[in-house]
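Student: no sequence on hand, only this structure:
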């Protein structure tokens with residue numbers, strides 16, 4: 001069983017769309033061809049994951065999921081780029097990270113207590 005990691009974007013407590021083209025561009029050459037439910041990212045042979053991400057008719061999406069993300073430093077650099085496409089939150093069972101404290105006021109106040117608690121303390125310090 002692997003760990004799934006999610007990225008979602010929010011505004012005013014609601015999901016907020018970002019450009020699917022920008023999402024794929026965040027992965028650069030690691031992004032493979034589009035498949036029915038997303039695309040594979042490959043950083044080197046055997047270091048890969050499937051990204052479940054399907055654009056809307058408008059070419060946007062509000063969340064994505066990494067299926068068993070690889071142990072690749074570049075993946076986490078790409079996640080930071082994704083977070084900065086909007087008010088992004090990256091979360092997994094028990095923890096989360098965001099691109100800064102400004103995300104907090106944009107997160108949903110509903111949902112599981114665990115999600116709200118984890119999301120409210122998540123942020124990546126400014127460089």
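Tutor: That came through, no problem. Since the model is a prediction, treat every value here as computed from it, not as a measurement. Numbering: from 1, shown residues only.

Student: from here on, contacts and neighbour counts on C-alpha atoms
Tutor: OK.

Student: state the distance from residue 54 to residue 65.
Tutor: Here the distance between residue 54 and residue 65 works out to 10 Å (Cα to Cα, to the nearest Å).

Student: averaged pLDDT, the helix or strand hosting residue 97. What do you get?
Tutor: Secondary structure from DSSP states H and E places residue 97 in strand 95-98. Strand 95-98 carries an average pLDDT of 70.

Student: strand partners (parallel or antiparallel) of that strand?
Tutor: In the sheet containing strand 95-98, its partner strands are strand 88-92 (antiparallel), by DSSP bridges.

Student: from the chain's centre, how far out does the strand it pairs with sit?
Tutor: A distance of 6 Å separates the centroid of the chain from that of strand 88-92, by Cα atoms, centre = their mean, to the nearest Å.

Student: what comes into contact with that strand?
Tutor: Applying Cα atoms under 8 Å, 6 or more residues apart in numbering, the contact partners of strand 88-92 are 3-10, 79, 82-83, 96-99, 103, 119.

Student: let's see which of those end up in strands.
Tutor: 4, 5, 6, 7, 8, 9, 10, 96, 97, 98 (DSSP state E).

Student: what subset of the residues you listed is buried?
Tutor: Among the ones in strands among the contacts of strand 88-92, the ones that count as buried by 16 or more other Cα atoms under 10 Å are 5, 6, 7, 8, 9, 10, 96, 97, 98.

Student: now the chain, which segments are flagged as low pLDDT?
Tutor: For the chain, the stretches with pLDDT under 70 are 1-2, 95, 99-127.

Student: what residue of this protein is the furthest out?
Tutor: residue 45 (22.7 Å; Cα atoms, centre = their mean).

Student: ranges for the strands of the chain?
Tutor: Going by DSSP E, the chain shows strands at 4-11, 14-15, 18-19, 31-34, 38-44, 47-52, 60-61, 63-67, 88-92, 95-98.

Student: biggest helix in this protein by residues?
Tutor: helix 73-83 (DSSP state H).
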